[in-house]
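A.B. asks: Predicted structure and sequence below. I'll ask about it afterward.
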Amino acid sequence: MCNLYNMTPKGTAERYLGSVGASVDVEDFVQATVGPFQTGLMVRPGLPGESAQLVGRLGQWGMIRTGSAARRPASRAVLTNNARIEGIAERPTYRRPWAQGQRCLILADWYQEPNWETGKNIWWRLRRADGAPWALAGLWSQWTDPQTGELVPNFTMITCNCDGHPLLGRLHKPDPTLPPDRQDKRAVAHIDPADWSTWLHGAQADAQALVRPQATGVFDLTDARTTDALLASSARGAGAQGSLL
């Protein structure tokens, strides 16, 4: 799962979205690092009356359930900025937008995940090795504030299982009560430009098949190598200490 990401700047977003030959309309925004229930950019297909094929609009990163009285759940422990692909068709917050095909892309320069292999949390900022933005699979909706009548765009990132992945499987604190193949570690899913049309417009089954972990080679491995160096140094220190006993 992901609880922090850095928005791709507007100019870069427009060029990246336009690389598939689509017309693009991205509203103005200031690049920022985004956390749950803060404001980020989502990219959806143009709606009737909009001339652009890909439309970037600011919205709340945290899905709002249809009929909700408030923008976020009453419990601060409940987060809706990530949605599990396995239950997305049944969960009350997500099932209607999913059934209606309201899929979107969330462009990010990097997103952050925790690594606990040293025994302490080390945040990894996951970037692409080629320097291009991530186009993360998302779901979007619009909610009308019952108090003010304001129309509030909102979105969530879709996650998938990444147990056993050579890079992503190293992230998040492991549950010591579960075997390695049943940790249910989660990852967000990048959609390649060649698959944007299928993701945004295709049949539900075809779109769902695109929600999968990316190959290790897609990632910039800088943070992974830094952690590897710390682990190697710790192992050498433990070996030297052991030799003195």
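C.D. replies: Perfect, I can see it now.
A.B. asks: okay, CA-based contacts and neighbour counts for the rest of this
C.D. replies: Noted.
A.B. asks: which outside residues touch stretch 5-25?
C.D. replies: By Cα atoms under 8 Å, 6 or more residues apart in numbering, the residues outside stretch 5-25 that reach it are 26, 28-35, 40-41, 52-56, 107-112, 132-133, 193-194.
A.B. asks: Give me the buried positions along that stretch.
C.D. replies: Neighbour counts using 16 or more other Cα atoms under 10 Å place 5-10, 13-14, 16-18, 24-25 of stretch 5-25 among the buried residues.
A.B. asks: Just name the closest of those residues to Ala83, please.
C.D. replies: Checking the buried residues of stretch 5-25 against Ala83 by Cα to Cα gives Tyr5 as the nearest, at 15.8 Å.
A.B. asks: tally of neighbours for the residue lying closest to the closest one once chain neighbours are set aside?
C.D. replies: Spatially, and ignoring its direct neighbours in sequence, Tyr5 is nearest to Tyr111 (4.0 Å; Cα to Cα, 6 or more residues apart in numbering). Residues near Tyr111, counting by other Cα atoms under 10 Å, number 22.
A.B. asks: for Tyr111, what are its contacts?
C.D. replies: 2, 4-6, 125-127.
A.B. asks: For the helix or strand hosting it, what is the distance to the chain centroid?
C.D. replies: Assigned by DSSP states H and E, Tyr111 falls within strand 103-115. Relative to the chain's own centre, strand 103-115 is displaced by 4 Å; criterion: Cα atoms, centre = their mean, to the nearest Å.
A.B. asks: average pLDDT for it?
C.D. replies: What strand 103-115 shows for mean pLDDT is 98.
A.B. asks: List the neighbouring strands of the helix or strand following that strand plus their orientation.
C.D. replies: Going down the chain from strand 103-115, the next helix or strand is strand 122-126, by DSSP H and E. When pairs are called by DSSP bridges, strand 122-126 turns out to pair with strand 103-115 (antiparallel).
A.B. asks: and Asn154, what are its phi and psi?
C.D. replies: Note on Asn154: its backbone torsions stand at phi -150, psi 160 [degrees, to the nearest 10].
A.B. asks: what about it, how many neighbours?
C.D. replies: Residues lying near Asn154 (other Cα under 10 Å) number 27.
A.B. asks: biggest helix in this structure by residues?
C.D. replies: Secondary structure of the chain per DSSP state H: the longest helix is helix 222-243.
A.B. asks: Tell me which residues are up against it.
C.D. replies: 117-118, 122, 124-126, 167.
A.B. asks: Check which residues of stretch 209-221 are buried.
C.D. replies: 210-214, 219-221.
A.B. asks: Which of these fall in strands?
C.D. replies: Among the buried residues of stretch 209-221, no member is found in strands (DSSP state E).
A.B. asks: Sort out for me which of the residues you listed are in helices.
C.D. replies: Among the buried residues of stretch 209-221, no member falls in helices (DSSP H).
A.B. asks: Closest to Pro180 out of those residues?
C.D. replies: Distance to Pro180 across the buried residues of stretch 209-221 (Cα to Cα) is lowest for Pro213, with 17.0 Å.
A.B. asks: any idea how far the residue lying closest to Thr159 once chain neighbours are set aside is from Ala83?
C.D. replies: In space, and not counting its chain neighbours, Thr159 is closest to Val188: 4.5 Å by Cα to Cα, 6+ apart. For Val188, the distance to Ala83 equals 9 Å [Cα to Cα, to the nearest Å].
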